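> I'll drop the sequence and a predicted model, then ask my questions.
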Amino acid sequence: MSLHPPRELKMDRLIIALAGAGLITGAAAPALGAPPPGANLPPGATPEAPRALGGPAGAEGPADRDEAEDQAPVSAIVVTARRLDAARTRVDQALGASVYELHNEAIENRPGGETGAIGAILTQTPGVALSSSGPQIRGSSAVQVRINGALLPEAISDPADRLSSRLAQTTRVITGALPARFGFAPGGVIAVTTKNGLYQHGGQAEFFAGSRGAFEPAFEWGGSAARSSLFASGSLEGGRSRVAGVSGPWADSVRREIGGLAFADHVIDDHNRVSLIVGGSRERRRIGRTDLPAGTERTSDGYAVGTYQHSAHGFTWQGSLFAGGATRAADFLALERERRSSFGLQMDASLRAGGANRAGGGLLLSRAAVRDPGAAGGRSARRTSLGIYVQDEWTPGDRLTINAGVRGDWLRRLGSEPALQPRASLVWTPGAGFTAHAGYARYASAPPLGEARPGVRLPDERDDYVDVGAQQALGPVTLGVDLYRRWARNLIEERAPYGRASAQAFAFARGRFAGVELSATYVRGPVTAWANASLSKSQGLGVLAGDGLFPAATLAGARGRWTDLASDRPITASGGVTWRVGDLDLAGDLLAGSGAVRTLSPSAPNAARGAAFVTAGVTAVYHARAFGKPIDLRLDLTNLADARYLTNDAGDLEGGWSSFAPGRALLVGFEQSF
């Protein structure tokens, strides 16, 4: 089969081009999701071909330039693995949704490099902002994280804030009108493809240190033998910030976190493989005296995902067994501890049904439990949920593809009435570099397990989502626009009281989200530049909480008016440029936005706003050699203007510690290959 059969449609995606020129050194390397030129694909398994960052279309090189010299040779096993990657991409695609993609080289070149979590890196994509509860996509915290197509267990809260950016080869933000395959995620999906030992040999030892107590020793290693491969990454992070409660005073928060991930993969034969992901993290924050006594917050989690994939003759099936557990503890006025666990089964399948159709279907079965041994009577709750979907991708002509499907989710227990969610989208590619998409999706979700107050039964959430967008490629420039509108009934939110281990769920009777996102990228020679802007609004009406969660004055103040959500950022913008000069990479980026939502009076919740902000950073990375191996020496300066803007207000309905962005910081470090 030809690598580009005429009836295959490339996914509509806006690529956030952050990498500098030279992503592919020497001859263009094939994408991890595509076989080398001339390799045959299984019928119907042609991969997506996004614009490469700093390289030719469809090219995706090694994780970074230093690893290029340590790649595994392109053997028959490597070709087979890439063919299976291509088939998995077909199952995992998001036709008709808005997709923004970051490659590892893009992350390497930004100020701060691979230090920090994936969630913080994604603020350079349109519509993504950070709050105390992690990344928000289009004003929503209902975000799902998947690794290599498999869903992380429900028990792992805020995984985008736990996963290190150095483990990812590519990271996609998928939002808008998602296909029926993606459930329980009205905000969007963060999809991570890990680095793979089949495509690289050797590793890196890294160390970074800087102002405000920042330090991070880390490592990564990949390798293969025969049909098996392994990639592993780990890091220890430390830093210091400032937090406060509702009435102050401010205090230092000293953070230490250790985390890691290992990905093992074994190719059984030309059509089958198995893989295993094992990961976890442990974090401790020591917080000085605020309006609470000095205390400590601790979180720990661990998870495992085992996957089997079969692909042959246009049919691809992937099944995953997953399990995870997490503990959250807070020791201030008294010790509180909450334990969560979940396990389950995920299956997805795709079948090329004739020349113009690709049918798909699957299920997600999950069992979750939460236990708070310190609560009166020992609070505990359990839930078994099931989601089933079918969808069909139909290509009636070379320029139009239609995707339609439906999900049925048993949200609270088996045997109950399923929540039906129709989905439909289309993508039009008339040529001349122009692509347009439009879609509609219905979403349904239940309140987080065990977070409703005793005696209060919060209703399930229902969302209707409409998204339209287009992109135009004009030589080295790609322009994009995306518009969306989301209506919610019983919009579920979480209140995270600071100094407490457990969050508490509440809901707005109605919610509304709307926005427009603009993006532009430029890639030519040694220069790459990008710019993004988002205008949006996220609001709720009528608080449903039960007695005692909020003061009567707060409930009265929120009654009858649209209330800004704590995640609401009406204006956000990001941009930057990278320039490669021989062995030196220079880069700078900026981030700007509206101030965070504030509550100045309990009778006017979420009614004020902090000051707007603009922050910028620069970096220089010099590529040299030491001990016969490549070494990167880097210098980063972040938040040049020392803009300490508010990121969260403890008085808001959603709670959490009051916090400010860290001030100006200097970071130095090295990455030594071995």
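In hand now; what should we look at?
> Chain neighbours aside, what residue packs nearest to Ile258?
In space, and not counting its chain neighbours, Ile258 is closest to Leu236: 4.9 Å by CB to CB, 6 or more residues apart in numbering. No exception for glycine: its C-beta is placed from N, CA and C like everyone else's.
> Which strand or helix spans the one you found?
Taking DSSP states H and E as the definition, one finds Leu236 inside strand 228-244.
> Lys537 too?
Here Lys537 is assigned to strand 527-544, by DSSP H and E.
> so what does the next helix or strand along the chain from that strand touch, helix or strand wise?
Next in sequence after strand 527-544, counting helices and strands by DSSP H and E, comes helix 552-558. Judged by 3 or more CB pairs under 8 Å, 6 or more residues apart in numbering; DSSP states H and E, helix 552-558 is in contact with strand 527-544.
> Return the list of strands paired to the strand it packs on, each annotated with direction.
Its sheet considered, strand 527-544 pairs with strand 504-524 (antiparallel), strand 562-564 (antiparallel), strand 571-581 (antiparallel) by DSSP bridges.
> So for the last one, what gets flagged as buried?
Going back to what we said before, that points to strand 571-581. Residues of strand 571-581 classed as buried: 572-580 (neighbour count, 16 or more other CB atoms under 10 Å).
> Please identify the buried residues of the strand holding Lys537?
528-530, 532-536, 538-544.
> Glu154: which of these is nearest?
Leu544 (22.9 Å; CB to CB).
> Spatially nearest residue to the closest one (excluding sequence neighbours)?
Per CB to CB, 6+ apart, closest to Leu544 is Ala507, 4.4 Å.
> and of the strands paired with strand 527-544, who's closest to Arg664?
strand 571-581 (17.7 Å).
> pLDDT on the closest one, on average?
Here strand 571-581 scores 92 as its mean pLDDT.
> all strands of the stretch 351-500 of the chain, in order?
357-372, 379-397, 400-410, 419-431, 434-445, 461-474, 477-495 (DSSP state E, counting those that start in this stretch).
> And the closest residue in space to Ile287 that isn't next to it in sequence, which helix or strand is it part of?
Spatial nearest neighbour of Ile287, excluding adjacent residues (CB to CB, 6+ apart): Ser253 at 4.9 Å. Counting by DSSP H and E, the element that carries Ser253 is strand 251-269.
> follow-up on the earlier one: out of the strands paired with strand 527-544, flag the one nearest Asn648.
strand 562-564 (13.4 Å).
> Can you spell out which helices and strands pack onto the strand holding Ser253?
For strand 251-269, the packing partners by 3+ CB pairs under 8 Å, 6+ apart come out as helix 76-92, strand 228-244, strand 272-287.
> Would you point out the helix or strand in this structure whose mean pLDDT is lowest?
strand 14-15 (a mean of 36; mean pLDDT, DSSP states H and E).
> For this protein, which residues score under the pLDDT cut-off?
1-74, 132-133, 373-378, 546-547 (pLDDT under 70).
> Name all residues that make contact with the residue lying closest to Arg242 once chain neighbours are set aside.
Nearest residue to Arg242, sequence neighbours excluded (CB to CB, 6+ apart): Trp250, at 5.0 Å. By CB atoms under 8 Å, 6 or more residues apart in numbering, Trp250 lies in contact with 242-244, 290.
> Would you tell me which of the strands paired with strand 527-544 gets closest to Gly651?
strand 562-564 (13.1 Å).
> wait, isn't Ser502 in contact with Arg337?
No - here Ser502 does not reach Arg337: they are 9.1 Å apart, not a contact under CB atoms under 8 Å.
> who touches both of these two?
328, 372.
> Leu363 versus Asp164, what's the distance?
No, residue 164 isn't Asp; it's Ser. 31 Å (CB to CB, to the nearest Å).
> go on, Ser141?
For Ser141, the distance to Leu363 - CB to CB - is 25 Å.
> the more surrounded of the two?
Ser141 (19 against 16; other CB atoms under 10 Å).
> wait, that one sits on Gly187?
Yes - here Ser141 reaches Gly187: they are 6.4 Å apart, a contact under CB under 8 Å.
> Pro293 falls within a strand, correct?
No - assessed with DSSP: H, G, I helix; E, B strand; the rest coil, Pro293 is coil; it does not lie in a strand.
> Tell me which helix or strand the residue nearest in space to the middle of the chain sits in.
In the chain, the centroid-proximal residue (CA atoms, centre = their mean) is Ile190; its distance is 2.8 Å. Assessed by DSSP H and E, Ile190 sits inside strand 188-194.
> now what about that strand, what contacts it?
Strand 188-194 has contacts (CB under 8 Å, 6+ apart) with 32-33, 92, 94, 118-119, 122, 135, 137-138, 140, 143-149, 160, 163, 167-176, 178, 182, 231, 261, 263, 277.
> which ones are touching the residue nearest to Ile287?
Here Ser253 is in contact with 240-243, 285-288, 657 (CB under 8 Å, 6+ apart).
> could you redo these as JSON lines and give each row neighbour count and distance to Ala155?
Output for these, formatted as JSON lines (neighbours: other CB atoms under 10 Å; distance: CB to CB, whole Å):
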{"residue": "Arg240", "neighbour count": "14", "distance to Ala155": "29"}
{"residue": "Ser241", "neighbour count": "19", "distance to Ala155": "26"}
{"residue": "Arg242", "neighbour count": "18", "distance to Ala155": "30"}
{"residue": "Val243", "neighbour count": "21", "distance to Ala155": "26"}
{"residue": "Arg285", "neighbour count": "18", "distance to Ala155": "20"}
{"residue": "Arg286", "neighbour count": "16", "distance to Ala155": "25"}
{"residue": "Ile287", "neighbour count": "26", "distance to Ala155": "25"}
{"residue": "Gly288", "neighbour count": "16", "distance to Ala155": "30"}
{"residue": "Trp657", "neighbour count": "25", "distance to Ala155": "23"}
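> what number of residues lie near Asp291?
14.
> Burial check on the nearest residue to it once chain neighbours are set aside, number of neighbours?
Take Asp291 and drop its neighbours on the chain: the residue closest to it by CB to CB, 6+ apart is Gly245, 4.1 Å away. For Gly245, the neighbour count with other CB under 10 Å is 20.
> Wait, Gly245 touches Thr290, no?
Yes - Gly245 is within contact range of Thr290, at 4.6 Å (criterion: CB under 8 Å).
> In contact with the closest residue to Ser673 other than its chain neighbours, which residues?
Nearest non-adjacent residue to Ser673, counting by CB to CB, 6+ apart: Lys629, 4.2 Å away. Contact analysis of Lys629 by CB under 8 Å, 6+ apart lists 202, 672-674.
> is it fair to say Thr123 lies in a helix?
Yes - checked against three-state DSSP, Thr123 lies within a helix.
> Compute the distance between it and Asn109, please.
16 Å.
> Dihedrals phi and psi, Ala177?
Backbone torsions of Ala177, given as degrees, to the nearest 10, read phi -90, psi 90.
> Asn104 too?
Dihedral pair for Asn104: phi -60, psi -40, per degrees, to the nearest 10.
> Surely it is in contact with Ser164?
No - assessed by CB under 8 Å, Asn104 is found out of contact with Ser164, at 11.7 Å.
> which residues do the two both contact?
Glu114.
> Pull the most distant pair out of the buried residues of strand 571-581.
The widest separation within the buried residues of strand 571-581 (CB to CB) is 27.9 Å, between Thr572 and Arg580.
> check contacts around the closest residue to Asp92 other than its chain neighbours.
Spatial nearest neighbour of Asp92, excluding adjacent residues (CB to CB, 6+ apart): Gly149 at 4.4 Å. Contact analysis of Gly149 by CB under 8 Å, 6+ apart lists 88, 91-92, 191, 307, 318, 320, 348.
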